[in-house]
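Q: sequence and predicted structure below; questions after.
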Amino acid sequence: MGWLFKALNSSIGKKFVMALTGVCLILFLVIHLINNLTLYFGPETFNTVVKNLDGIKPLIRVIEVILGLIFILHIFNGVRLWIENKIARGTGYTIKGSSKNADIFSRTMILSGSIIFIFLVIHLRTFWMSFNFDHTLKESHRYYEAVVSAFQDPVYSSFYLFAMILLGFHLNHGFQSAFQTFGWNHKKYFPFIEKFGMVYAWGTALLFASIPIYFYFYGGK
């Protein structure tokens, strides 16, 4: 197993882990978005979805642990690659003389990723903690109402929107980088991958962003 550890700790290995965990997180966001969009069907539908997930709690816990490990690996390798770039070039993500090969979003992935991580912590505290450990909420099953209440807070909703804008840029660059890391960057197909990645990234970000906007201005009515 020593060879595997050595391979994964090489520069190429760390990029491969970043790409693989990134793809896993992309798939998770699709599932999470689908669940969130049931909010538009009203309290009965959303509350039923959450209650059904409660019915398979052991499986959900296993998935959450795996997902947590994926997040940790993604963040850990992202920070390591950023530190290595900074040491090698002395300018962080800014690559002197090569701005044509790295736009501002690729050079600031560590910054956007850090802000998204802060948002994730707050988001988990707002919803995941409440949905799992608020006994009053669990007994009443008024999950929809809890979401409405959270998005009525202008500070939280504003930060949510800001985080979704950053998520769009982060996903767009990460999607393309993952395919390049896997070697799927043939000039014949990569333009399509770039366009598909852009549609996915901004479609996902905008659909997530639509939720706080809707609940803040319309209160779910």
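A: Right, received. Where do you want to start?
Q: any idea how far the nearest residue to residue 176 once chain neighbours are set aside lies from residue 136?
A: The shortest distance from residue 176 to any non-neighbouring residue, by CB to CB, 6 or more residues apart in numbering, is to residue 197 (5.2 Å). The way it works is simple: take the backbone N, C-alpha and C, and place the C-beta from them, glycine included. As for residue 197, its distance to residue 136 is 42 Å (criterion: CB to CB, to the nearest Å).
Q: how long is stretch 49-66 end to end?
A: 21 Å (CA to CA, to the nearest Å).
Q: buried stuff in it?
A: For stretch 49-66, burial by neighbour count (16 or more other CB atoms under 10 Å) applies to 49-50.
Q: which residues are contacting that stretch?
A: 35, 38, 131, 138, 141, 143 (CB atoms under 8 Å, 6 or more residues apart in numbering).
Q: let's go with 7 Å and repeat that
A: 35, 38, 131, 141, 143 (CB atoms under 7 Å, 6 or more residues apart in numbering).
Q: for the first one, grab the count of nearby residues.
A: I take that to be residue 35. 13 (other CB atoms under 10 Å).
Q: setting aside sequence neighbours, what's the nearest residue to it?
A: residue 49 (6.1 Å).
Q: report the rounded mean pLDDT for the host helix or strand of that neighbour.
A: Using DSSP states H and E, residue 49 sits in helix 43-54. Mean pLDDT, helix 43-54: 92.
Q: likewise stretch 71-89?
A: Stretch 71-89 carries an average pLDDT of 85.
Q: tell me where this structure has helices.
A: Here the chain has its helices, by DSSP state H, at 2-8, 11-37, 43-54, 57-89, 104-107, 109-123, 129-133, 135-140, 143-151, 154-181, 190-218.
Q: quick revisit: could I get the contacts of stretch 49-66 as TSV with distance to residue 203 and pLDDT?
A: Listed next are the contacts of stretch 49-66 as TSV, based on distance: CB to CB, whole Å; pLDDT from 0 to 100:
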residue	distance to residue 203	pLDDT
35	16	94
38	17	96
131	26	90
141	31	86
143	25	94
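Q: now a PyMOL select for only the buried ones of the residues you listed.
A: The buried residues among those can be selected in PyMOL (16+ other CB under 10 Å) with this line:
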select buried, resi 131+143
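Q: and which of the contacts of stretch 49-66 is nearest to residue 159?
A: Closest approach between the contacts of stretch 49-66 and residue 159, by CB to CB: residue 131, at 19.5 Å.
Q: contact partners for that closest one?
A: Taking CB under 7 Å, 6+ apart, we find residue 131 in contact with 50, 137, 143.
Q: need the residues you listed in JSON lines (columns: distance to residue 84).
A: As requested, the contacts of residue 131 are exported to JSON lines (distance: CB to CB, whole Å):
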{"residue": "50", "distance to residue 84": "42"}
{"residue": "137", "distance to residue 84": "44"}
{"residue": "143", "distance to residue 84": "43"}
